[in-house]
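Engineer: Sequence and predicted structure, then a few things I'm wondering about:
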Amino acid sequence: MKNQFINTGLAALLLCAAAYGQNPQKDPLKNGEQGSPAEAAGNPSPNLAIRYETFSLGLADAAALTRENPRDSELYAKLVAMIAKKEAKQEALVLLRSKSGQKATAESISEQTYVTEYEPPELPEAVGASFITRKGPEIKNPDGTTARQPAQMPNAAALEDAPSVSELSGLATPASPSSFQARNVGDTLEIEPILSEDNRLIDLRLVPERITRTGNSTWGQGLSKVEMPEFESQRVNTSATLEIGKPFLVGTVNRPPVSKEDGDSANRIWFAFVTANFAK
């Protein structure tokens, strides 16, 4: 009886082992088994990963691609293939994580402070010279007496040492800064994702921006000469609904047609893509 009980127990254990082998447990670290909408449904507040990318290519090639009106994912795949062939260039990649309904910002910048207003140059109000008193003309008083009015005459010897008009510029105060402003130069990405109830769509507010300092511009001349910085901006402010895991074409973020940073900017197109996933 005892042996029969042991045999029954062993048989039950073997059946459980066989069933476990037929239904292996998922490896949480294995690719493809995390980040799906079904798995995210079990997490009331999953982390969202937003990937923002820009690609640049020639104007003619960009026009040919868009005339075909491909799906965003197809256009993305073609651009990636063109990068491998050196027919396109990846310009930027920013990865930022957040939770649904939460704003997040990524910055890769240098803060540059520059002058926005100047006080005008000033000349000295007066240049001193010594004076001596000389005899002036006679004048008659009402009572019939006469008097001599004193006259101030410049001392010629002192005037010889006075600065010339051309030398007065050295005494002047040049244009001086009076107001300053700071500006971030580099890449900034601001996002605000909102996950749908079925965990398949994301309403995303997206503000990517790239600021490049290209040099200085000069205004005025002489004492009035001032320098002001020049910047180029590539910026998008938009909202869109994205499918989880599928690249979405945000738009084009080209450089200005006349750019100091890129002399061929008028013939080059920048495509901006964003992809939303569940963080693994």
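Structural biologist: Okay, I see it. Residues are numbered from 1 along each chain as shown.
Engineer: what packs against the host helix or strand of Val250?
Structural biologist: In the assignment (DSSP states H and E), Val250 maps to strand 248-252. Secondary-structure packing of strand 248-252 (3 or more CB pairs under 8 Å, 6 or more residues apart in numbering; DSSP states H and E): helix 72-84, strand 238-243, strand 268-278. Where you see a C-beta, it was placed from the backbone N, CA and C, and this is true even at glycine.
Engineer: Kindly reformat these as TSV and extend each row with mean neighbour count, distance to Leu59 and mean pLDDT.
Structural biologist: Listed next are these as TSV, based on neighbours: other CB atoms under 10 Å; distance: least, CB to CB, whole Å; pLDDT from 0 to 100:
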stretch	mean neighbour count	distance to Leu59	mean pLDDT
helix 72-84	16	14	97
strand 238-243	14	23	97
strand 268-278	21	6	97
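Engineer: Mind putting the ones you listed into JSON lines with distance to Glu232?
Structural biologist: Formatted as JSON lines, the helices and strands packed on strand 248-252 follow (distance: least, CB to CB, whole Å):
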{"stretch": "helix 72-84", "distance to Glu232": "23"}
{"stretch": "strand 238-243", "distance to Glu232": "20"}
{"stretch": "strand 268-278", "distance to Glu232": "12"}
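Engineer: Compare those and give me the one nearest Gly220.
Structural biologist: Nearest to Gly220 among the helices and strands packed on strand 248-252 is strand 268-278; the distance by CB to CB comes to 34.6 Å.
Engineer: Looking at the helices and strands packed on strand 248-252, which is nearest to Ser224?
Structural biologist: Of all these, strand 268-278 sits nearest to Ser224, with 38.1 Å by CB to CB.
Engineer: and stretch 108-124, which residues are buried?
Structural biologist: Using 16 or more other CB atoms under 10 Å as the burial criterion, the residues of stretch 108-124 that qualify are Val115, Tyr118, Pro121.
Engineer: who's in contact with whichever strand or helix holds the second one?
Structural biologist: Meaning Tyr118. For Tyr118, the host element (DSSP H and E) is strand 104-119. The contact list for strand 104-119 (CB atoms under 8 Å, 6 or more residues apart in numbering) reads 50, 94-98, 175-192, 211, 213, 226, 228-229.
Engineer: Direction included, what does it pair up with?
Structural biologist: Partner strands and pairing direction for strand 104-119 (DSSP bridges) are strand 176-195 (antiparallel).
Engineer: which stretches of the stretch 151-280 of the chain have low pLDDT?
Structural biologist: Counting by pLDDT under 70, the stretch 151-280 of the chain has low-confidence residues at 151-172.
Engineer: Next, the residues that contact the strand holding Val250 from outside, please.
Structural biologist: With CB under 8 Å, 6+ apart, strand 248-252 has contacts from 52, 72, 75-76, 206, 208, 236, 238, 240, 242, 269-276.
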